[in-house]
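[1] With the sequence up front, the predicted model follows.
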Amino acid sequence: MSDTLKQHTKRDASNPIIDLSNQVGAEIKAGLQKENANLSPKFLYDTLGSVLFEAICELPEYYPTRTEAEIFLRYLPEMARRIGTGATLIDLGAGNCAKAAKLFPLLHPEQYVPIDISAEHMRDYVKRLQERFPHIEMTPLELDFSVQWQLPEEVRASKRVFFYPGSSIGNFDPDQALVFLRQMRAACGEDGGILIGVDLIKELGLLNAAYDDALGVTAAFNLNMLRHVNRIIGADFDVRAWSHKAFFNPTLSRIEMHLEARTDVIVRWPGGMRHFKQGEGIHTENSYKYSVEKMTQFLKTAGFGNARAWSDEKNWFAVIYAEAV
Ligand code: AVI
């Protein structure tokens, strides 16, 4: 079984094997058959895709990662005063846990709960982190939080603070983002909160360059999705027949990523096929950009208030802490 399929095959006590791979395959095929074909951005992240995303974060054009890091570096003492010590810090999409680890020396959480869809690598990082911070209880969880989720009992109920950096909230459509924020609000009790990174609306040239870099790393990241999809459904996408397109859509305040057929292309998979005309596209990702006011309003609608935002000097990115109200 491929790594991809393994990731989507989960066991639980009541239902010995839930083979999610069929569901995932059906979702991909349905997306490819739509008149305006689309694929979920979650398929960007196979092993190579995750490495490419890490490379994107190092690119000069991709300002969000380093700008957010600057904000944390500068304002962490103030954030820690606002949040208070002894939290149950729940890190959504923790990956290598590096961003959260930088908070520990000032935030002093009681418990750290890193969550990722694939906990295999994360567990190694947590092991090393536990050696550096032996007094923090660490509870890694494997969970797909893009669907309905619930926290298990091992997660302390007191002062749950959700940590959601990187502007990953931007990869949800606004109505899905609201559902997700409401889920966090429901899970964080009355004394919790959310510490969230948000990419802000800015000059068009900067936005477009961040998603279409000179080295072509983002192009490779986008195109690699086709290889991933080939492995999942047994399709025969030829990456060379497609090109990466990314642009800011000001009406919807989002970067859109598409894959565009360079020539007429026929893609086949067991039981199906699709003809793409030259120039026809597959929509692969949206990355919504917000204003601080809009995100604060959003958080309020989801049940988080008393928001405090920290931003960089150019106002490119913001980190917001809001309390459960
Ligand atoms: C993970 N996420 C916040 C990134 C973004 O900026 O929307 C994914 C990404 N897509 C292309 N470059 C980076």
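    Okay, I see it.

[2] pLDDT at the closest residue to Val217 other than its chain neighbours, what is it?
    Leaving out its chain neighbours, the residue that sits closest to Val217 by Cβ to Cβ, 6 or more residues apart in numbering is Ala55, at 5.1 Å. C-beta here means a position set from N, CA and C on the backbone, and glycine is covered the same way. Here the pLDDT value assigned to Ala55 is 97.

[3] Could you give the number of residues near Ala55?
    Ala55: 16 surrounding residues under other Cβ atoms under 10 Å.

[4] from memory it sits against Ala219, does it?
    No: judged on Cβ atoms under 8 Å, Ala55 makes no contact with Ala219 at a distance of 11.8 Å.

[5] where exactly do the helices run in the stretch 1-150 of the chain?
    Ranges of helices in the stretch 1-150 of the chain, per DSSP state H, counting those that start in this stretch, are 3-7, 20-33, 47-56, 63-83, 98-101, 104-107, 119-132.

[6] Go through the ones you listed and name the closest to Asn306.
    Nearest to Asn306 among those is helix 63-83 (9.1 Å), distances taken as Cβ to Cβ.

[7] what packs against that closest one?
    helix 104-107, strand 193-199, helix 204-210, strand 304-311, strand 317-324 (3 or more Cβ pairs under 8 Å, 6 or more residues apart in numbering; DSSP states H and E).

[8] Which of the helices or strands spans the residue in the chain positioned nearest to the ligand?
    Nearest residue of the chain to the ligand: Ser287, at 3.3 Å (Cβ to the nearest ligand atom). Element membership for Ser287, per DSSP states H and E: strand 281-288.

[9] so after that strand, what's the next helix or strand?
    helix 292-302.

[10] and the angle for that following helix with strand 304-311?
    Comparing the axes of helix 292-302 and strand 304-311 via axes from the mean of the first three to the mean of the last three Cα atoms, to 10 degrees yields an angle of 160 degrees.

[11] just how off-centre is helix 292-302 within its chain?
    19 Å (Cα atoms, centre = their mean, to the nearest Å).

[12] One more: stretch 298-307?
    With Cα atoms, centre = their mean, you get 20 Å for stretch 298-307.

[13] and if you look at stretch 221-241?
    21 Å.

[14] Pull the residues that contact it.
    Applying Cβ atoms under 8 Å, 6 or more residues apart in numbering, the external contacts of stretch 221-241 come out as 2, 4-5, 21, 24-25, 28-29, 32, 39, 43-44, 46, 48-49, 52-53, 56, 242, 244, 246, 257, 259, 261-263, 265, 267-270, 284-285.

[15] What residues of stretch 98-111 count as buried?
    Lys99, Ala100, Ala101, Leu103, Phe104, Leu107, His108, Pro109, Gln111 (16 or more other Cβ atoms under 10 Å).
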